[in-house]
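In: Compute the structure for the input listed below.
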Amino acid sequence: MHIKEAEKETGKRVELAGWVHRKRSSGGIVFVIIRDRTGILQVAVKKNNVDARSWQAAENTTVESSVKVEGVVKKDPRAPSGYELEATALENVQVSEPFPITEYQSTELLLDKRHLWLRSRKMTGVMIARAHIFRYAREFLDGEGFFEITPPTITLAGGETGSNLFEVSYFGRKAYLTESSQLYAEAMVPVLENVYSLVPAYRAEQSRTTKHLAELWMLEPEMAYYDSEQSMKLQERMVSHIAQRFVKEEADIIELLGLDRKELAGIKPPFKRMSYEQAIELLNSKGAKLKWGDDFGVKEEMMLTEDEKKPIFITDWAKEIKAFYAYVNPKDTRTVLSDDMQAPHGHGEIIGGTQREWRLDVLMQRMRDVEKSTGVKFNMANYEWWLDLRRYGSVPHSGFGMGMERVIKWLLNLDHIRDAIPFPRMSNRLYP
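Out: Numbers count the residues shown, from 1 in each chain. Okay, here's the model as predicted:
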């Protein structure tokens, strides 16, 4: 059984398998703290209570050795977890070589030894939380009647801009790793109406901030007949669902990472909303020097959310800094019906959403406008299939993309997004 299960079996004999977390000796006793995915447990191996083979194994075991133990569970307030296993047998499955990670190590060494650092208690907790947060997101959308789809991640066409893409050779042809699955999700709207994908996305950006990855996991729902307002309500309900499920199920991880349970429990709709224009005014009142059409960076996102307890929406963005397919706001044609959800305490944007331009003639004019303003031409042949969606039974629709690692970084209050994914890929990191 696992350690958490064993702690419920006080006074009973149990068998456990795990890895050596720590080890110390005191006279005729070897204290071996073992770990598994559920926690740690102190094992007291007394020379007089075990056979010679088990005693020899206890003396020979090292940190990160894999072991099997048998014994009786007892409460002991002196033990790290409040419980101790009085061993009757211990076996080394494999004795580890001297472990290369000690208490104080540089960030670069921990990244080079990422495959081993993942075994730390913190990273184990983060990886458990990651798996569960993925599940919470899926269960919410499944419960709303969405269908999960599986779009390709190798594509001829770009997503939002067609820039910042990783180029690959595809049987002698030029192709790209996708930066967004949105275009393929839109193709599934006339088929299944409300859909989502949860697949990797790739961004060939040189950004080296605490919130950027070159390979990330993106949750992208697409919804038939949703306008921007309906999309934002779905977003805040989904994020709230994830937070509430996390608070309910992850008490051990919340304690391990020292998180504010009360604040997490308070993440419920509605979320504050602020237009792009209002955000510019607020930032400038705090000392920023922004003008219309400027985007927000890490510093501005911190200024907007440093005092917030839950996410906020920035809405109605300037047309020139959002994607060409965003629907122009009929109340203010300088802006588009686009929203960013910003996490509190400066964790940054976690969701970007838009009401999509669904009319063929307007969309093609927007593409021509982008070509004229940027000097970069779309390869229209690669977009013909997507434009067909506007020719044959198009409907108003909206969608959004949620960066899963950014949500994890925020909910777990991590210092850097690299710790929200097992093997981070950044502009300066490809190993291991």
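In: What segments of the chain are helices?
Out: Secondary structure of the chain (DSSP state H): helices at 3-6, 52-60, 107-112, 114-117, 121-143, 182-192, 228-249, 251-256, 261-265, 276-285, 298-305, 360-374, 380-391, 404-411.
In: neighbouring strands for the biggest strand by length in the chain, and are they parallel or not?
Out: Longest strand in the chain, counting residues (DSSP state E): strand 13-26. The pairing partners recorded for strand 13-26 under DSSP bridges are strand 29-36 (antiparallel), strand 66-75 (antiparallel).
In: quick check: mean pLDDT across it?
Out: Strand 13-26 comes out with an average pLDDT of 97.
In: Which of the residues in that strand are classified as buried?
Out: Val14, Leu16, Gly18, Trp19, Val20, His21, Lys23 (16 or more other C-beta atoms under 10 Å). C-beta coordinates here come from the backbone N, C-alpha and C atoms, glycine included.
In: quick one: Thr340 and Gly352 touch, right?
Out: Careful, residue 340 is Asp and not Thr. Yes - look at Asp340 against Gly352 with C-beta atoms under 8 Å: they come within range, at 5.4 Å.
In: who's more crowded, the two?
Out: It is Asp340, of Asp340 and Gly352, that has more neighbours when counted by other C-beta atoms under 10 Å, with 23 against 20.
In: where's the more buried one relative to Met223, distance?
Out: Computed as C-beta to C-beta, to the nearest Å, the Asp340 to Met223 distance reads 18 Å.
In: likewise Met426?
Out: Distance from Met426 to Met223, by C-beta to C-beta: 32 Å.
In: Pick out whichever of the two has more residues nearby.
Out: Between Met426 and Met223, counting by other C-beta under 10 Å, Met223 is the more crowded of the two (23 against 19).
In: Bridge partners for the more buried one, pull those for me.
Out: In beta-bridge terms (that is, DSSP bridges), Met223 pairs with Asn194, Ser398.
In: what residues are up against the residue of the chain most remote from its centre?
Out: Largest separation from the mean C-alpha position in the chain: Asn48, at 49.3 Å (C-alpha atoms, centre = their mean). Contact analysis of Asn48 by C-beta atoms under 8 Å, 6 or more residues apart in numbering lists Gly28.
In: Please work out how many residues are found near Val73.
Out: Applying other C-beta under 10 Å, we find 21 other residues in the vicinity of Val73.
In: Test for you: state the pLDDT assigned to it.
Out: Val73 carries a pLDDT value of 98.
In: do the same with Ser163
Out: pLDDT recorded at Ser163 is 58.
In: quick one on the thing from earlier: contact partners of the longest strand of the chain?
Out: With C-beta under 8 Å, 6+ apart, strand 13-26 has contacts from 1-3, 6, 30-36, 40-41, 59, 61-73, 85, 88, 93, 96, 119, 121.
In: Mind doing that once more with 7 Å?
Out: With contacts defined as C-beta atoms under 7 Å, 6 or more residues apart in numbering, strand 13-26 is touched by 1, 3, 6, 30-36, 40, 61-73.
In: Great, nothing more from me.
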